[in-house]
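Undergrad: This is a predicted model, with the sequence first.
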Amino acid sequence: MSFEDIPVPIGPVYEGERIRAKQMYVELGGPKMEKHFELCKVVSKKEITDGQVTIHGIDLKDMEEGSTHPIGIFVEVAGPELEVDLEAVFERRVHEFCNFVNGIMHLNQRYTNWLRISKTAVEKGFNSFQLLGAVLIRLYKAELPIIEQAQVTFFTNEKEIEKPYAMAMEIYDKRDERARTIHDEDVDMFYGCVLCQSFAPTHACCITPDRTSLCGSINWFDARAAAKVDPKGPLFEIPPGECLNELAGEYTGVNEMIKKRSLGEIDRIYLFSGMEFPHTSCGCFEAIDFYIPEVNGHGIVDRNYGDVAINGLPFSAMANQTGGGKQMPGFNGISIQYIISPKYQQYDGKSQGLNEGIETVVWMNKGVKDRIGEFLPKDLLSKIATEEEVTDINALKQWLQDVNHPIVETWAEALAEEEEEEEWEAEGAMVPMGTVGMTIPGVGGSGGFSIILKNCKVHAEAIIIKKIGPKGKKKK
Ligand code: SF4
Ligand code: ZN
């Protein structure tokens, strides 16, 4: 495979490239655009012209510098061994392959895809979607040899994107609908994905029927199909092994997998908890489940929400805290599908006496609520606040009491514990430690450290952390 005719270099080495606003020539899709998508479909050889790139709308060279446009990337592939189940995983590779291009930054997936093309790339002559299409087709065929033929179509204007966008949304819905038909107990194999390790080296997804990957684009069926055709590829089997804790979703096989894939950084995962040993998050999660200590509940905010969430933080600020492959109790990157799984954060809910994990959710932005409302318990749905009902924590507290949200039941216990601890404190007693893990933000990764504070509260004006070298130790 050669890219000699492409005016910018291509290769995995460019995957982590960031293109800031002032370096960008144009922006495609992303939060400012209403309709954008990327989709892959398996078709018969008769239906496509191998190598063909079509552009509906204006081409890159005709776009004004600094402008934003809709983007639809439609990849059609053919080959005798291809099956529909492989479409989602092929589609996810759009992200990787676009990022191979020096001068393109691609983020997210499905209908949240977001690209920036750098001024430098355009100056060098990378000024047409014909070139990007050619790169994608070559990479698809080279990296996934079962793809024998491919064609790519781009949509760059609001009118032309309408129809293919509607088709894409329908296909995503169908995939999600199918994923809802099975549960972890129905299968004897889980799957893993390390496609995001170029951005988050300690992150690996564990994909089970009840836990669709956090990017939302790879469900258990998709992962199974990919691992079958390319067992040495980025998607692989995870034999679950022994179930150590059913409620938490802790399995020996998943623990072994994450230990190996995170190079020893993380050795334990609770699939169904956002608070203890949570699943790691890379950066392309569809939504964030965040803990709101003031009400002992959780909020959910998705990537499309432009305002600040109930905790006063915008999605972007929380995403920094959540992502990067860290295990971050209280900030969990999740897919929208996972929210409607009956196992959703069940450990966090049931271990507090609630009926289900979803009962820990007290706030979500309206966009998320509208999307998943029909799948949530009716009586609970009306008790989950959105930005339309409350805008600060005090109002949320009052709202939860007024609607009698199940979380309120947990407050008495939390209050009693607090009072008891205050009593101990007043007595100057030493309090024994129990079970909540906490990591310090920003110090994960190799060379960092984690502090486990178990079941205790810390009141301090400052924490001073000093490195004590061998000399320091001797002096003591
Ligand atoms: Fe794979 Fe997970 Fe990244 Fe999705 S988020 S591409 S499943 S590693
Ligand atoms: Zn990712």
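TA: Arrived safely. Ligands and ions are numbered 1, 2, ... in the order given.

Undergrad: going forward, measure contacts and count neighbours with C-alpha atoms only.
TA: OK.

Undergrad: For the top helix by length along the chain, buried residues please.
TA: Ranked by residue count and defined by DSSP state H, the top helix of the chain is helix 158-179. Within helix 158-179, the residues that qualify as buried are 158, 161, 164, 165, 168, 171, 172, 175, 176, 179, counting by 16 or more other Cα atoms under 10 Å.

Undergrad: So which residue is dead centre in this protein?
TA: Residue closest to the mean C-alpha point of the chain, counted by Cα atoms, centre = their mean, is residue 285 at 1.5 Å.

Undergrad: What parts of the chain come near ligand 2?
TA: Residues of the chain lying close to ligand 2 (Cα under 5 Å from the ion) are 196, 282, 283, 284.

Undergrad: do that again at 8 Å, thanks
TA: Residues of the chain lying near ligand 2 by Cα under 8 Å from the ion: 108, 195-197, 199-200, 214-215, 281-285.

Undergrad: pLDDT at the closest residue to residue 256 other than its chain neighbours, what is it?
TA: Spatial nearest neighbour of residue 256, excluding adjacent residues (Cα to Cα, 6 or more residues apart in numbering): residue 267 at 6.9 Å. As predicted, residue 267 sits at a pLDDT of 96.

Undergrad: hmm, who's touching the helix or strand hosting residue 74?
TA: Assigned by DSSP states H and E, residue 74 falls within strand 72-78. Contact with strand 72-78 is made by 36-45, 48, 91, 147-156, 161, 164-165, as judged by Cα atoms under 8 Å, 6 or more residues apart in numbering.

Undergrad: and the residues you listed, which of them are in helices?
TA: Per DSSP H, the contacts of strand 72-78 map to helices at 91, 161, 164, 165.

Undergrad: can you put those in TSV and add pLDDT and distance to residue 337?
TA: Listed next are the ones in helices among the contacts of strand 72-78 as TSV, based on pLDDT from 0 to 100; distance: Cα to Cα, whole Å:
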residue	pLDDT	distance to residue 337
91	97	18
161	98	25
164	98	23
165	98	20
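
Undergrad: from those residues, which is closest to residue 346?
TA: residue 91 (30.6 Å; Cα to Cα).

Undergrad: Test my guess that the residue nearest to the centre of the chain contacts residue 218.
TA: No: judged on Cα atoms under 8 Å, residue 285 makes no contact with residue 218 at a distance of 11.6 Å.

Undergrad: Setting aside sequence neighbours, what's the nearest residue to residue 136?
TA: Leaving aside its sequence neighbours, residue 136 sits nearest to residue 97 (Cα to Cα, 6+ apart; 6.3 Å).

Undergrad: for that neighbour, helix, strand, or coil?
TA: helix (DSSP: H, G, I helix; E, B strand; the rest coil).

Undergrad: how much space between it and residue 209?
TA: 27 Å (Cα to Cα, to the nearest Å).

Undergrad: do residue 369 as well
TA: 22 Å.

Undergrad: what about these two, which has more around it?
TA: Taking other Cα atoms under 10 Å, residue 369 and residue 209 do not tie; residue 209 has more neighbours (23 against 19).

Undergrad: Pull the contacting residues for the more buried one.
TA: Per Cα under 8 Å, 6+ apart, neighbours of residue 209: 179, 180, 182, 183, 184, 187, 190, 219, 220, 221.

Undergrad: Just name the closest of those to residue 305, please.
TA: Nearest to residue 305 out of these is residue 219 (Cα to Cα; 23.6 Å).

Undergrad: List the contacts of residue 200.
TA: For residue 200, the contacting residues are 282, 283, 323, 324, 325, by Cα under 8 Å, 6+ apart.

Undergrad: same thing but 7 Å
TA: The contact partners of residue 200, taken as Cα atoms under 7 Å, 6 or more residues apart in numbering, are 282, 324, 325.

Undergrad: Quick one: neighbours of residue 395, just the number.
TA: 13.

Undergrad: And it, what's its pLDDT?
TA: The model's pLDDT for residue 395 equals 97.

Undergrad: so how far is ligand 2 from it?
TA: To ligand 2, residue 395 is 34 Å away according to Cα to the ion, to the nearest Å.

Undergrad: and the residue in the stretch 101-250 of the chain that ligand 2 sits nearest to, helix, strand or coil?
TA: The nearest approach of the stretch 101-250 of the chain to ligand 2 comes at residue 196, 4.5 Å away (Cα to the ion). For residue 196, the assignment made with three-state DSSP gives helix.

Undergrad: Regarding the closest residue to it other than its chain neighbours, what is its secondary structure?
TA: Nearest residue to residue 196 in three dimensions, chain neighbours excluded: residue 282, at 6.5 Å (Cα to Cα, 6+ apart). Of the three states, residue 282 takes coil according to three-state DSSP.

Undergrad: per the record, what domains does the chain have?
TA: 12-175, 184-415, 416-475 (automatic domain parsing).

Undergrad: want to throw the ones you listed into CSV with distance to residue 1?
TA: Formatted as CSV, these follow (distance: least, Cα to Cα, whole Å):
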stretch, distance to residue 1
domain 12-175, 7
domain 184-415, 19
domain 416-475, 36
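
Undergrad: how about those domains in TSV, adding distance to ligand 1?
TA: Formatted as TSV, the domains of the chain follow (distance: least, Cα to the nearest ligand atom, whole Å):
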stretch	distance to ligand 1
domain 12-175	6
domain 184-415	4
domain 416-475	17
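
Undergrad: ok so, going back, ok, the residue nearest to residue 196 touching residue 204?
TA: No: in this structure, residue 282 is not within contact of residue 204 by Cα atoms under 7 Å, at 8.0 Å.
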